[in-house]
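Q: Predicted coordinates and the sequence they were generated for:
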Amino acid sequence: MKKALLLFSLALTVILVAGCAANESYPEAGTVSQQADPMTVNTATDAPARPENSLPEGYDPASEEDGGSGYIPGAAYDTLGNQIYAGATPIPLNPIDMPTPTPRPPLTFTYGDAVANNLKLSFQAPVGWQMDTSAADTLILQDPNAYDNVNAVMTVKITSVPSAYKLADTKTEVRNMLKEIGQYNYAEWTTTELAARTLLKKDGYYANYRGVYYDGTIVRGRVMVALLDGNRIITLHMSCPAGYNEAYMGVVAHFRDTLKQVQ
């Protein structure tokens, strides 16, 4: 009797276990969850969001050069770098390089009267600038303050030329000066087209340039040549830190406006 009851209990246990197994739920085929491969990036969900102030897609960092205006040889600009249009006298461009995205305070100058006895010239120059007239035919004005590791220097010369020298030859003089200045030390060198400009109330030509040294320092400058009476020419060369080009071209303009010959 006991043996029969034992067998019955065992049979009942088997039936109960089988029933529980039949009611247990398993995932259907194709829905089994798998751990993602940690070496695989889901670009739809895992790519970091671009910060609000980051560069947009396809942005060209070079577009920041020259304040975004670009350097366009032959374009028409006024002496402060503002583009001018049909009907105005064509003037080479005068853009500004900004070495940092944060604009810096503009340079301002106080002017004073000066005389270069060796060249018999009077003019106004920024107060505090160093003046060198030790050479018989040369005036050198230099800003003692360096910006972006560059000191602005303006060099003026009056030299004799052959009697056959014509106004058109001043164009060649400008090009030769630009070639001589740019042939050394620059990784990049760009010049504008020539434009007419008077100096000492005499006709001549000038052009602007932009140079990048091998260490990345950017300079800008202007070369001007005018034909004087008595078979002479006057040449002017301003070289300055590119980030303050507008201010230094203002120095050139003020020098030119106040320049006079004295006895």
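A: Perfect, I can see it now.

Q: got a list of what residue 223 touches?
A: Counting by Cβ atoms under 8 Å, 6 or more residues apart in numbering, residue 223 makes contact with 174, 177-178, 181, 206-207, 209, 235-237. C-beta coordinates here come from the backbone N, C-alpha and C atoms, glycine included.

Q: switch to 10 Å and redo it
A: 155, 173-178, 180-181, 191, 194, 205-209, 235-239 (Cβ atoms under 10 Å, 6 or more residues apart in numbering).

Q: And the closest residue to residue 203 other than its chain neighbours, how far from residue 193?
A: Counting by Cβ to Cβ, 6 or more residues apart in numbering, residue 203 lies nearest to residue 167, which is 5.7 Å off, once chain neighbours are set aside. Distance of residue 167 to residue 193, given as Cβ to Cβ, to the nearest Å: 17 Å.

Q: and what of residue 134?
A: Distance, residue 134 to residue 193, by Cβ to Cβ: 35 Å.

Q: more crowded one of these two?
A: More neighbours surround residue 193 than the other of residue 134 and residue 193, with 15 against 7 (other Cβ atoms under 10 Å).

Q: Isn't the more buried one up against residue 207?
A: Yes: using Cβ atoms under 10 Å, residue 193 is in contact with residue 207, at 6.8 Å.

Q: Is there a neighbour count for the residue lying closest to residue 130 once chain neighbours are set aside? I'd like the number.
A: Of all residues not flanking residue 130 in the chain, residue 142 sits nearest, at 4.7 Å (Cβ to Cβ, 6+ apart). When neighbours are defined as other Cβ under 10 Å, residue 142 has 15 of them.

Q: Buried residues in the helix or strand that contains residue 142, which are they?
A: Using DSSP states H and E, residue 142 sits within strand 138-147. Judged by neighbour count using 16 or more other Cβ atoms under 10 Å, the buried positions of strand 138-147 are 138-141, 143, 147.

Q: Helices along the stretch 51-200 of the chain, start to end?
A: 167-182 (DSSP state H, counting those that start in this stretch).

Q: For it, which segments count as strands?
A: Per DSSP state E, counting those that start in this stretch, the stretch 51-200 of the chain carries strands over the ranges 111-116, 121-126, 130-132, 138-147, 150-160, 186-191, 195-196.
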